[in-house]
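In: Curious how this folds, go ahead:
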Amino acid sequence: MPRARRIHIPGAFYHVTLRGNHREPIFRVPGDRLDLEEIVGDAIARLGVSVHAYCWMTNHIHLLAQPDQVPVGRMIHVIAMRYARRFQRDVPTTGHLFERRYHAQIVDTDSYLLEVVRYIHLNPVVAVLARSAVDYQWSSHRAYLGQPATPWLTTAAVMAVFDQSANRARECYATFIAAGEKDAHARATVDASPGDGFAWPRTPREAADAPVTNAALEALIAEICASAGVTVAAIASPSRARDLSRFRAEIAAAAVRRGVATLREVAARMGRDPSSVTRLLQNRR
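Out: Numbers count the residues shown, from 1 in each chain. Next up is the predicted model:
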């Protein structure tokens, strides 16, 4: 049975993963990763694709890509073909370097966008390749902290979700990543084999179905509700009263700013869809 044709949505964000065939390493020496960065930069410039995050692991790569008119599959084909040729020019191998089918998942909400960026940057921690995201050279994490960036990387769209101020957004981003590193270390002891670390992050719907037990988030909600003179129960009520919507937006903004919880976790706690919480934040600006 033929595979379903992939959907191309111009301007959409795609979390793309390309893996080595049979999970074999796709890099031998540091120079291989530099070669890949050169190839990626050339491909996205020619094809009109923006890249918002990346991570070069041992046997797979991650890209958060935003294509325009050219489908993301075309970009992956060009990158894989050119890199494989360069790699196999120096290594006497036969067969395919990469799996024939790449994985691409549409990122459809701001909250999930942040979660995917954090997931990509914490992949080396889960895979026990680095103690902290900042220790890993081959990802875009350091660029988000203000360090020199790969020329073809763009960080503005993701940072704008945190805050309109560049300095404040950087602080919020750092806190957001730090909040996830503890969980990343826990996952590393359970389900990571060295050098792999591959596991897809949950979708917003899956996250909404999962129980949320976050003491820091509960304390934040209680704090804001007390200052506003509303009950904690009202925050999760069906009511769409303007004042309650304003308080919900305040809770969501404070949770992300302080690194207490992700937007999808806040949405789940308040009994709402992540996209509705994102709209509350956009209206708040």
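
In: Please make it C-alpha for all contacts and neighbour counts, starting now.
Out: Fine.

In: can you pull out the strands in the chain?
Out: For the chain, strands defined by DSSP state E occupy the ranges 13-19, 49-56, 60-67, 103-107.

In: will you turn those into CSV that also has mean pLDDT?
Out: Below are those laid out as CSV (pLDDT from 0 to 100):
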stretch, mean pLDDT
strand 13-19, 91
strand 49-56, 96
strand 60-67, 94
strand 103-107, 86
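
In: Which one of those strands lies nearest to residue 235?
Out: Of all those, it is strand 103-107 that lies closest to residue 235, at 26.6 Å by CA to CA.

In: Show me the helices in the protein, by range?
Out: Along the chain, counting by DSSP state H, helices occupy 30-47, 72-90, 110-126, 141-144, 156-162, 166-191, 204-209, 215-228, 232-235, 242-258, 263-269, 274-284.

In: Would you format the ones you listed as a markdown table with mean pLDDT and mean neighbour count included?
Out: Shown next, in a markdown table, are the helices of the chain (pLDDT from 0 to 100; neighbours: other CA atoms under 10 Å):
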| stretch | mean pLDDT | mean neighbour count |
| --- | --- | --- |
| helix 30-47 | 93 | 16 |
| helix 72-90 | 86 | 17 |
| helix 110-126 | 88 | 25 |
| helix 141-144 | 96 | 21 |
| helix 156-162 | 90 | 17 |
| helix 166-191 | 78 | 17 |
| helix 204-209 | 43 | 16 |
| helix 215-228 | 81 | 15 |
| helix 232-235 | 86 | 15 |
| helix 242-258 | 85 | 19 |
| helix 263-269 | 85 | 25 |
| helix 274-284 | 77 | 17 |
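
In: So for residue 20, which of those helices sits nearest?
Out: Nearest to residue 20 among the helices of the chain is helix 72-90 (10.1 Å), distances taken as CA to CA.

In: Can you flag the residue of the protein lying furthest from its geometric centre?
Out: residue 229 (35.9 Å; CA atoms, centre = their mean).

In: related to what we said a few turns ago, so which of the strands of the chain comes closest to residue 252?
Out: With distances scored as CA to CA, the stretch of the strands of the chain nearest to residue 252 is strand 103-107 (19.3 Å).

In: The closest one pairs with which strands, parallel or anti?
Out: Strand pairing for strand 103-107, determined by DSSP bridges: strand 13-19 (antiparallel).

In: CA atoms only for the partner strand - export them in CSV, please.
Out: Only the C-alpha atoms of strand 13-19 are listed here, as CSV (Å, rounded to 0.1, in the frame of the first residue of the first chain):
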residue,chain,number,x,y,z
PHE,A,13,6.6,25.0,11.8
TYR,A,14,7.8,21.4,11.4
HIS,A,15,9.8,19.3,13.9
VAL,A,16,11.9,17.2,11.6
THR,A,17,14.0,14.2,12.6
LEU,A,18,16.3,12.3,10.2
ARG,A,19,18.0,9.2,11.5
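
In: Now the residue farthest from the centre of the chain: phi and psi?
Out: phi 80, psi 30 (degrees, to the nearest 10).

In: Quick check: it vs residue 248, distance?
Out: Applying CA to CA, to the nearest Å, the value for residue 229 to residue 248 is 13 Å.

In: May I ask you to confirm that residue 111 is in contact with residue 261?
Out: No. Shown here, residue 111 and residue 261 do not form a contact pair, counting by CA atoms under 8 Å, at 10.5 Å.

In: List the residues that contact residue 65.
Out: With CA atoms under 8 Å, 6 or more residues apart in numbering as the criterion, the residues that contact residue 65 are 13-16, 49-53, 72.

In: And those, which is closest to residue 60?
Out: So of those, ranked by how close each gets to residue 60 (CA to CA), first place is residue 16, at 10.4 Å.
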